[in-house]
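# Sequence first, predicted coordinates after that:
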Amino acid sequence: MNIIPHIVATGLALASVIGLLINFIVLYAIVRGRLLFKRQSSSVYILSASSIVMEIFMILVHLAYLVPAIYTQSWLFDGGMHSAGVRGFSFAFLYCWYYTTLSHILISTTRLYSVVRWSSSLTNGTVLALVILTHLLSLAGAVCTDVLFPCCKIYLNYMIYTYFSDHITGIFNYSEYIIELPVNASSSACSFVCYTVIILYMRWVSREVTGEIGYKRRHQEYVYAMQFAAMAAFYTISWLTFRIFPPIVQRAPHLDWLYGITTLFVLFNSWSNAFVYLVNNAEIKRVLRRTAKKVLQTSSARAIEGQNASSVQ
C-alpha cells in the first residue's frame, strides 16, 4: 500500500484547516472592529477583506475536492478528469488564483500611492471599484482559460497532488503564454518594484521630512506595505514552484511528491495575508484582545452566577 498519498493529503488537510481558522479569525476582527468604511485607513481593510474571502474560497476548493481526491486516489466524479464536477472545482480554483495574482498588482500599486501621496489617499469608493474590477478581470481570465481557449485547461489532479495543465500536442498553449505566465510574472515584478520603491522612499522620508503627523501617517502605510510584501513573497514562490518542479520530476519520477509542495505553498499563500495581520497588525490584535477579554469576563460572570445558584439551593 502506497502511504504517500495519505501523508500528502493529511498535510494538505491540516494546512487547509489552519488556514481557514486564521482567515476567519482575522475576517471576524475586521468586521467586529468595524474597520471597513470607517476611517482613512479603511481602504487597506477593503483590499484585505476581499482577499481573505477569496482565500477562504480557495482553501475550501482544496478541502472539498483535492484532499478527498488524493485520499481516495480518484477523480470523485463519474466521467473522470473531464466531468462537470472536476471542471467546476478547477474553474473555481482558477478564479481564486487569478484574483490572487491581480490583487497583488492592485495592492502594491495602491500602497505605493498611499505612501507617496499620503495626504490624498485613495477613497474607499475608488478602492471598492478597483476591487470589483479585479474580480471581473479574474472571472474573465478563468472563462478564457477554462472555456474559450482550445488549449490548455487546468485541472486539480489527485495523481500528482497538485494542478495539471492538459496540454494538447500541436496546439499553441494560449492559457500559459497569453494569460498565466505574463500575468504571474507581471504581478511579482510589480510587487517587487513597488515595495522596493516604498522602502527607498521611506528611508528618504525619515531623513528629510520633519512633520510628525506626516511621518506617522507615512510610517503606518509603510507597515501596511511590508505586510503585503510578505504576502507577495509567498505568492511568487507558489507560481515559481509550479514551473520549476515539472522538469525535475520528469528526470526523477520517484520525486513526484514534490508537486505537493506547490499545493502546500498555494495554501500557505492563502493564509499568509491573515497570518501577517494576526502577527503584526496592532488594530487587529486590539480587537481580538478586546473580544477575548469580553468572552473571559462573560464566562467568569456565568460561573459565579452558577455557583451562587448552587449555594442558594
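Arrived safely, thanks for sending.
# what about the residue nearest the centre of the chain, distance to residue 56?
In the chain, the C-alpha nearest the mean C-alpha coordinate belongs to residue 270, at 3.3 Å (Cα atoms, centre = their mean). Using Cβ to Cβ, to the nearest Å, we find residue 270 at a distance of 8 Å from residue 56. Every residue, glycine included, has its C-beta placed from N, CA and C.
# which neighbours do the two share?
Listed contacts common to residue 270 and residue 56 are residue 23; contacts here mean Cβ atoms under 8 Å, 6 or more residues apart in numbering.
# Any buried residues in stretch 173-183, and which?
173, 174, 175, 176, 179, 180, 183 (16 or more other Cβ atoms under 10 Å).
# if we can go back for a sec, with adjacent residues omitted, what lies nearest to the residue nearest to the centre of the chain?
Once flanking residues are discounted, residue 270 sits nearest to residue 55: 4.2 Å by Cβ to Cβ, 6 or more residues apart in numbering.
# Now the helix or strand encompassing that neighbour: average pLDDT?
Residue 55 is located in helix 42-61, with elements delineated by DSSP states H and E. pLDDT averaged over helix 42-61 equals 91, rounded to a whole number.
# what's next to the helix or strand that it is followed by, contact-wise?
As assigned by DSSP H and E, the chain's next helix or strand after helix 42-61 is helix 67-72. Contacts with helix 67-72, where a contact means Cβ under 8 Å, 6+ apart, come from 5, 6, 8, 9, 12, 13, 16, 75, 76, 156, 158, 161.
# buried ones in the host helix or strand of the third one?
Secondary structure assignment for residue 8, by DSSP H and E: helix 4-32. Buried positions in helix 4-32, judged by neighbour count with 16+ other Cβ under 10 Å: 5, 8-9, 11-13, 15-16, 19-20, 22-23, 25-27, 29-30.
# hmm, back to that, what angle do the helix holding residue 55 and helix 4-32 make?
Calculated by axes from the mean of the first three to the mean of the last three Cα atoms, to 10 degrees, helix 42-61 forms an angle of 150 degrees with helix 4-32.
# residue ranges of the helices in the stretch 201-313 of the chain, please?
Along the stretch 201-313 of the chain, counting by DSSP state H, counting those that start in this stretch, helices occupy 212-251, 259-280, 282-312.
# Switch the ones you listed over to TSV; also include distance to residue 50.
Rendered in TSV, the data for the helices of the stretch 201-313 of the chain read as follows (distance: least, Cβ to Cβ, whole Å):
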stretch	distance to residue 50
helix 212-251	13
helix 259-280	10
helix 282-312	16
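# Can you say which of those helices is packed in most?
Stretch with highest mean neighbour count among the helices of the stretch 201-313 of the chain: helix 259-280 (a mean of 22; mean count of other Cβ atoms under 10 Å).
# Give me the distance from that one to the chain's centre.
Helix 259-280 has its C-alpha centroid displaced from the chain centroid by 7 Å (Cα atoms, centre = their mean, to the nearest Å).
# Then stretch 106-124?
21 Å.
# Ok, stretch 193-202 next?
In terms of Cα atoms, centre = their mean, the centre of stretch 193-202 is found 22 Å from the chain centre.
# cool, and stretch 167-179?
Using Cα atoms, centre = their mean, the mean C-alpha position of stretch 167-179 is found 26 Å from that of the whole chain.
# now swap in stretch 92-105 and tell me
Shown here is stretch 92-105, whose average C-alpha point lies 8 Å from the average C-alpha point of the whole chain (Cα atoms, centre = their mean).
# tell me the mean pLDDT over it?
Confidence over stretch 92-105, taken as the mean pLDDT, stands at 94.
# Just the residues contacting that stretch, thanks.
Identification of contacts with stretch 92-105 by Cβ under 8 Å, 6+ apart yields 47, 50-51, 54-55, 57-58, 61, 134-135, 137-139, 141-142, 145-146, 154, 156, 163, 179, 183-184, 186-188, 190-191, 228, 231-232, 235, 239, 266, 269-270.
# on that earlier part again, helices and strands around the helix holding residue 55, which ones?
helix 4-32, helix 84-116, helix 124-143, helix 259-280 (3 or more Cβ pairs under 8 Å, 6 or more residues apart in numbering; DSSP states H and E).
# rerun at 10 Å
Contacts of helix 42-61 with other secondary structure elements, assessed using 3 or more Cβ pairs under 10 Å, 6 or more residues apart in numbering; DSSP states H and E, are made with helix 4-32, helix 84-116, helix 124-143, helix 212-251, helix 259-280, helix 282-312.
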